[in-house]
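Trainee: What would the 3D arrangement of this be:
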Amino acid sequence: MGQGSRGAPLPRRGPPAAAAAAAAAARAAAAAGVGRAAAEAAGVPATAATTTAAAAAAARAAAAAAAQTISRLLRGGGLQQWRTQQQQQQQQQQQQQQQQQQQQQQQQQQQQQQQRQQQQQQKQQQQQQQQKQQQQQEEH
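Mentor: Numbers count the residues shown, from 1 in each chain. As a prediction, this is how the structure comes out:
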């Protein structure tokens, strides 16, 4: 790990750093959403500036937490464990997405069935009306 111009350690690159950055961004977005909701619940209008400031603060906190986690893992030799956890989380997310897609497909199929049933009912009603008209004409 090299040193920057001010003696600060240079950030690591590669999959762990990218995953940590993505996780930090997700946490920051969630925190910004929570901050906005809390502000609105308290009756304080959440302006773009306050929301941006909250998001920036949350992003800094998340980045610091991610950096601490990675340095702890590197010291403790738990990087492989961390990678395994990341892979498991990704698999869980993929499974959830697949389940959501299946549910959407089922809903679409149900909607199509309902539309078919409605069309059949309309046809039956039209046929009944035609039969009534024929009966009335025959009676007259």
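Trainee: residue ranges with poor pLDDT in this structure?
Mentor: Low-confidence segments of the chain, defined by pLDDT under 70: 1-51, 77, 140.
Trainee: And the strands in it, which stretches?
Mentor: When secondary structure is read from DSSP state E, the chain shows no strands.
Trainee: Can you check which helix is longest in it?
Mentor: When the chain is parsed with DSSP state H, its longest helix is helix 79-139.
Trainee: Just list what that helix packs against, helices and strands only.
Mentor: Packing partners of helix 79-139 (3 or more CB pairs under 8 Å, 6 or more residues apart in numbering; DSSP states H and E): helix 15-41, helix 48-76. Heads up, the C-betas are built off the backbone N, CA and C, glycines and all.
Trainee: Next, find the distance separating Gln95 from Lys123.
Mentor: Distance, Gln95 to Lys123, by CB to CB, to the nearest Å: 42 Å.
Trainee: now do Ala58
Mentor: 58 Å.
Trainee: who's more crowded, these two?
Mentor: More crowded of Ala58 and Lys123, by other CB atoms under 10 Å: Ala58, with 21 against 10.
Trainee: Distance check, Ala63 against Leu79.
Mentor: Ala63 is 18 Å from Leu79, where distance means CB to CB.
Trainee: Between the two, which has more neighbouring residues?
Mentor: Taking neighbours as other CB under 10 Å, Ala63 and Leu79 compare with Ala63 leading, 18 against 13.
Trainee: give me the number of residues near Gln131?
Mentor: Per other CB under 10 Å, the neighbour tally for Gln131 reads 10.
Trainee: just to revisit the earlier point, tilt between the longest helix of the chain and helix 48-76?
Mentor: Calculated by axes from the mean of the first three to the mean of the last three CA atoms, to 10 degrees, helix 79-139 forms an angle of 130 degrees with helix 48-76.
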